[in-house]
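Student: Structure for this input, please:
(chains A, B, C and D)
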2 protein chains.
Amino acid sequence: MFEFLHQKVNETIKITNEEFEYAKTLFVPKKLRKKRFLLQDGDICLYTTFVERGLLRSFTIDDKGNEHILQFGLQGWWVGDLYSFLTEEPSEYNIEALEDSELLLITRSSWDLLLDEVPAFERYFRTLIQNNLIATQRRLMGTMSTTAEERYHKLLKDFPDISQRVPQHMIASYIGVTRETLSRLRSQMVSGN
Amino acid sequence: MFEFLHQKVNETIKITNEEFEYAKTLFVPKKLRKKRFLLQDGDICLYTTFVERGLLRSFTIDDKGNEHILQFGLQGWWVGDLYSFLTEEPSEYNIEALEDSELLLITRSSWDLLLDEVPAFERYFRTLIQNNLIATQRRLMGTMSTTAEERYHKLLKDFPDISQRVPQHMIASYIGVTRETLSRLRSQMVSGN
DNA sequence: GAAAAAGTGTGATTTAAATCACATCCATTT
DNA sequence: AAATGGATGTGATTTAAATCACACTTTTTC
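Tutor: Predicted coordinates:
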C-alpha cells in the first residue's frame, strides 16, 4: 500500500524507518473508481492526495461550460487544490478518476502535524512544490510563446503514454485548444510529418 | 538594509533574532541601476534575490524575438530562475531592473546552508513557493479560459500601480498579447466602459 | 537642447483558432 | 445484438488577435 510513496519520498530526502512508520499513520487509503470524483467545485478540498496507482485529472469549468485541465495525476504524483486545502475555502477545481485508482489521502491537520514532527517532510514538500512551480512556469510561458502544435508535441514527449490513456478532447483541453483544432492538428501530422 | 526582508519573513514564520542575524551574514546586498541586468539568458542563475526596493522583470525571448514576461519583481518579492539556480544549467530567462533597485542576493551554497541550519527558513521558502505555485496555476488557467481583456483587468486589480510604473508593451507581454492588441483594448475601454 | 531611441495609437490585411453543424465511429450497457 | 451516449473527424463560417505599416509622442542621451 505504501511502498510507492516510500520510494518516491526516498528519492528526494533521507528518512528513517520510524519517521516513515509515523507518516503512514497519517494517511488514509482510498480506492476511487473510474469516473468518480475526489473533489467537486464548490466543495472544500479536505485532502492532499498521493496517487499510488491509476490516473486522475484536475480541471475547472468556465462560464461557457468548457473544461480546462490543470493536471493529469499519474502514479507517483500528488493531486489536490492547494489553495482550497490551505485556506479551507470552496474549490474551483474538480478532480476525477480517469482510471480505477488507489490513493493515499492526508487531511490538513495531519499534514500540519507531519510537517511539524518530521522536518524531512517539510523539505520533501518544498522540493515537490518547487519542481511543480518550475514545470507550471514553463507551461505558462509555453502557452504564451509556442503554437498549439508545439505544445502537443511537448505533451507527447513529456507523457508518452497519456495519449493512449485519455480521450483526445482532454488532451486538447490540457494544451489549451478545442477538440476540433487538435483533431485537425493530428490529421495534418499523419500526412505531413 | 535588511528591515524589509526581516518583516516579510516574520509575516510567515516565527524566527529568533539570532537566527535572523545568522541569515543576514549569508546575503549580499547589491544595487542595480535601471536597465541593468541581474541575469542574462545563457548564464547560470547564481543567486536567488530578494527585492528590498525597486522593480524588476524576468522574461524570455522566443525564436521570433518576442519577449514574454514571467514576472514583475516588486518590493518584497523574490526573483530568479529556480531551475537554473538549482541545476546550475544555463538559464533561458533574463532579469532586468525597470527601476533603480536594492537587492539582497543569496548564492546556492548559502541558501543550502540557511535551509540546513535554520529549519524555519525551509518552511518560509516552502510557503513562498507554495503561494507562487497557486498564483502561477491561476494565471495559467486564466490564459486558457479568459479573454485578453479579462486578464488585463485582473492585472490592474492585482497590481494597481504597475500600469503607471512600466511601459504598456510590457504589460501586453505579461498578459500574453501584442502591444497593438493592448492598445486597442485600452481605447475601447476609454470609450465603451 | 538637438538628435536618437523608445513608446504608443490606429488603420488595413492576414492568420490561427473558435464556433457551428453534422456525419461517423466506438464502446458500454441492457 | 440493438441502442444509447461518448468520442472523433471534417467542412463552412466567424472571430479574435497577429502582423504589417506608418504617424505621432515622449523620453533618454550625448
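
Student: What residues are bridge-paired with the spatially most central residue of chain A?
Tutor: Ranked by distance to the mean C-alpha position of chain A (Cα atoms, centre = their mean), the top residue is residue A:73 at 3.4 Å. Beta bridges link residue A:73 to residue A:56, judged by DSSP bridges.

Student: if I read this right, it contacts residue A:81, doesn't it?
Tutor: No. Using Cβ atoms under 8 Å, residue A:73 is not in contact with residue A:81, being 11.9 Å away. In this view, the C-beta of every residue, glycine as well, is placed from N, C-alpha and C.

Student: Identify the contacts common to those two.
Tutor: A:58, A:95 (Cβ atoms under 8 Å, 6 or more residues apart in numbering or on different chains).

Student: count of neighbours near residue A:158?
Tutor: Close neighbours of residue A:158, defined as other Cβ atoms under 10 Å in any protein chain shown, add up to 11.

Student: what about it, distance to residue A:139?
Tutor: The spacing between residue A:158 and residue A:139, counted by Cβ to Cβ, to the nearest Å, is 10 Å.

Student: can you tell me the residue of chain A closest to DNA strand C?
Tutor: At 3.2 Å from DNA strand C, residue A:181 is the closest residue in chain A, using Cβ to the nearest atom of the strand.

Student: Now do the SS call for that residue.
Tutor: helix (DSSP: H, G, I helix; E, B strand; the rest coil).

Student: I figured it was touching residue A:148, is that so?
Tutor: Yes. Between residue A:181 and residue A:148 there is a contact at 6.1 Å, judged by Cβ under 8 Å.

Student: Next up, the contacts around the closest residue to residue A:80 other than its chain neighbours.
Tutor: Nearest residue to residue A:80, sequence neighbours excluded (Cβ to Cβ, 6 or more residues apart in numbering or on different chains): residue A:48, at 4.1 Å. Contacts of residue A:48 were listed using Cβ under 8 Å, 6+ apart, and they are A:78, A:79, A:80, A:82, A:85, A:105, A:106, A:111.

Student: let's see 6 Å
Tutor: By Cβ atoms under 6 Å, 6 or more residues apart in numbering or on different chains, residue A:48 lies in contact with A:80, A:85, A:106.

Student: and which of the residues you listed is nearest to residue A:22?
Tutor: Checking the contacts of residue A:48 against residue A:22 by Cβ to Cβ gives residue A:106 as the nearest, at 12.5 Å.

Student: Contacts for the strand or helix carrying that closest one, please.
Tutor: Counting by DSSP states H and E, the element that carries residue A:106 is strand A:101-107. Strand A:101-107 is contacted by residues A:5, A:26-32, A:47-50, A:52-54 when judged by Cβ under 6 Å, 6+ apart.

Student: again, but for stretch A:141-153
Tutor: By Cβ under 6 Å, 6+ apart, the surrounding residues in contact with stretch A:141-153 are A:175, A:176, A:177, A:185, B:60, B:62, B:68, B:143, B:176.

Student: Repeat that for stretch A:60-67.
Tutor: With Cβ under 6 Å, 6+ apart as the test, stretch A:60-67 has contacts from A:59, A:68, A:92, A:93, A:173, B:141, B:145.

Student: That stretch near DNA strand C anywhere?
Tutor: Yes. Contact of stretch A:60-67 with DNA strand C (Cβ under 7 Å from any atom of the strand) involves A:64, A:66.

Student: In that stretch, which residues are buried?
Tutor: A:60, A:67 (16 or more other Cβ atoms under 10 Å in any protein chain shown).

Student: Could you identify the helix or strand that succeeds the helix ranked longest in chain A?
Tutor: The longest helix of chain A (DSSP state H) is helix A:119-145. Using DSSP H and E, the helix or strand that follows helix A:119-145 in sequence is helix A:148-158.

Student: and the very next helix or strand once past that next one with DNA strand D, contact?
Tutor: Later in the chain than helix A:148-158, the nearest helix or strand by DSSP H and E is helix A:162-165. No. Between helix A:162-165 and DNA strand D, judged by Cβ under 7 Å from any atom of the strand, nothing touches; the nearest distance is 9.1 Å.

Student: Pick out the most distant pair among the contacts of stretch A:60-67.
Tutor: Spatially, the most separated pair among the contacts of stretch A:60-67 is A:92 and A:173, at 15.3 Å (Cβ to Cβ).

Student: which one of these two has more residues nearby?
Tutor: Ranked by neighbour count (other Cβ under 10 Å), residue A:92 and residue A:173 place residue A:173 first, with 22 against 16.

Student: what pLDDT does that one get?
Tutor: With respect to pLDDT, residue A:173 scores 96.

Student: Helix or strand for it, just tell me which one.
Tutor: helix A:168-175.

Student: now check that helix, is it near DNA strand D?
Tutor: Yes. For helix A:168-175, a contact with DNA strand D is found by Cβ under 7 Å from any atom of the strand, at A:168, A:169.

Student: State the number of residues packed around residue A:29.
Tutor: Using other Cβ under 10 Å, residue A:29 has 12 other residues around it.

Student: and the gap between it and residue B:134?
Tutor: Relative to residue B:134, residue A:29 is positioned 27 Å away (Cβ to Cβ).

Student: can you list the residues of chain A near DNA strand D?
Tutor: Listed as neighbours of DNA strand D in chain A under the rule Cβ under 7 Å from any atom of the strand: A:167, A:168, A:169, A:179, A:180, A:182, A:183, A:184, A:186, A:187.

Student: Neighbour-wise, give me the winner out of those.
Tutor: Using other Cβ under 10 Å as the neighbour test, the residues of chain A next to DNA strand D are led by residue A:182, with 21 neighbours.

Student: Neighbours of the nearest residue to it once chain neighbours are set aside, how many?
Tutor: Nearest-residue entry for residue A:182: residue A:172, 3.8 Å, with adjacent residues in sequence omitted and distances by Cβ to Cβ, 6+ apart. Burial of residue A:172 is recorded as 22 neighbouring residues (other Cβ under 10 Å).
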